[in-house]
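1. For reference, the sequence and a predicted model appear below.
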Amino acid sequence: MKWLIVEDYEKLSREAARLVAVQVAAKPASVLGLATGSTPLGMYKELTRLNREEGLDFSQITTFNLDEYVGLAADHSQSYRTYMRDHFFQHVNLSAEKTHIPSGDASDLDEECSRYEEAIAAAGGIDIQILGIGGNGHIGFNEPGSPVDSRTRVVQLAARTIEDNARFFASVEEVPTKAVSMGIQTILNARRIVLLASGASKAEAIQLMLEGEKTPEVPASLLQQHPDVTVIMDRQAASRLS
Ligand code: F6R
C-alpha cells in the first residue's frame, strides 16, 4: 500500500480529487466506486469545481456507491441517494442512469444485492474505488468479522457505527441498523483503491490497517492484499503510526 500524509483536510480533499480527475481524463468512460460520509465531502466539492471551472467531463462516467441503509426510501433525507444527489450528482454532468446506489427499500433485498453485483460486472468492473474508514476499521459497511470473500449483501451495522452515524439523525433510535453493502471481495476487485482518512478518531484504525496484521477483525487491513491501494490521510489520522 502507498501512503500519503498531508497537512490537513483541504489538501487531502484536493489530492483525492486529483487522483479521480487523472483517472477520468485517462479513461473518459471510467467506472468510479464512491463513498458517502463526512470524509469525501471536500473531494466532491473539488470535483465539482474541476467540472465547472476546468471542464472535467463526467458525461461518460458510470458510478457505483458502496452502500445504502436498509429501510430508507431513496428520497429520505438521510439516504445515501439523497447525500450523493446533494453533494455531487446534481452539480456535475453525470447522466442519472449511469449512477448506481443499492436500493435499501427493495422488496427483495437478496435479489437487489445480486442485481448490484451483476451491474458492476456488466459495466466492466470498478476502475477506482474511493473509501473512507470507520473508527472500527470498517470499509463500506463491512464491519469487523466480515469475510474476505464477501459480496454485496445485507449487513448488520456495528453498535459503534450506529453511534457514529447518529449525528445525522434526530436520535440514535432512528439510525437504521442494517445496510446493503458491497462486500470485501467486491471492493478488492476494483482495479485501484483510494482510502481517505481524516482526524484523530481514525488514528487507531489507520494504525491497525497499515501496521497491524491482515485480519477480518480490521476489515481495512484486508486491503493489504490488493496491488494498488493509496491511503491519503491528514496528520491527525496518521498520528499513531510509528
Ligand atoms: C460510506 C461508508 C463508510 C464510511 C465510514 C467513514 O459510504 O461506506 O465506510 O466511509 O463510515 O465515515 P465518515 O467519513 O463519515 O467518517
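-> Right, received. Where do you want to start? Numbering: from 1, shown residues only.
2. who does the helix ranked longest in the chain touch, helix- and strand-wise?
-> Taking DSSP state H as the criterion, the chain has its longest helix at helix 9-26. The contact analysis (3 or more CB pairs under 8 Å, 6 or more residues apart in numbering; DSSP states H and E) places helix 9-26 against strand 2-6, strand 31-34, helix 41-54, strand 128-131, strand 192-197, strand 229-234. Yep, even glycine has a C-beta here, placed from its N, CA and C like the rest.
3. Check whether that helix comes near the ligand.
-> No. On the criterion CB under 6 Å from any ligand atom, helix 9-26 is out of touch with the ligand, staying 10.9 Å away.
4. Show me which positions of stretch 193-204 end up buried.
-> 193-199, 202-204 (16 or more other CB atoms under 10 Å).
5. circling back: quick one, the longest helix of the chain and strand 192-197 angle?
-> Angle, helix 9-26 to strand 192-197, by axes from the mean of the first three to the mean of the last three CA atoms, to 10 degrees: 170 degrees.
6. Which residue does this protein have closest to the ligand?
-> Gly132 (2.4 Å; CB to the nearest ligand atom).
7. Am I right that that residue is in contact with Thr39?
-> Yes. If you go by CB atoms under 8 Å, Gly132 and Thr39 touch, sitting 4.1 Å apart.
8. so who does the residue lying closest to Gly71 once chain neighbours are set aside touch?
-> Among residues not flanking Gly71 along the chain, Pro176 sits closest, at 5.1 Å (CB to CB, 6 or more residues apart in numbering). Shown in contact with Pro176 (CB atoms under 8 Å, 6 or more residues apart in numbering): 69-72, 104, 157.
9. Tabulate the residues you listed (TSV), appending pLDDT.
-> Converted to TSV, these look like this (pLDDT from 0 to 100):
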residue	pLDDT
Tyr69	98
Val70	98
Gly71	96
Leu72	94
Gly104	97
Leu157	98
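10. From Met233, how far out is Leu188?
-> 20 Å (CB to CB, to the nearest Å).
11. does the ligand sit close to stretch 102-119?
-> No. Remark: stretch 102-119 sits outside contact range of the ligand, by CB under 6 Å from any ligand atom, the gap being at least 10.8 Å.
12. who's in contact with that stretch?
-> Outside stretch 102-119, the residues that reach it (CB under 8 Å, 6+ apart) are 64-65, 67-74, 79, 100, 151-154, 176, 179-182, 186.
13. repeat that with 6 Å
-> The contact list for stretch 102-119 (CB atoms under 6 Å, 6 or more residues apart in numbering) reads 68-70, 72-73, 100, 151-154, 180.
14. that older thread, mutual contacts of Gly132 and Thr39, please.
-> Leu196.
15. who's more crowded, these two?
-> The residue with more neighbours, out of Gly132 and Thr39, is Thr39; 24 against 20, by other CB atoms under 10 Å.
16. Spit out the contact partners of that one.
-> Thr39 neighbours (CB under 6 Å, 6+ apart): 132, 196, 198.
17. Just the pLDDT at the last one, thanks.
-> Which is Ser198. pLDDT, the model's per-residue confidence, is 98 for Ser198.
18. Report the central residue of this structure.
-> Ala35 (2.5 Å; CA atoms, centre = their mean).
19. is it true that that residue touches Gly132?
-> Yes. In this structure, Ala35 is within contact of Gly132 by CB atoms under 6 Å, at 5.0 Å.
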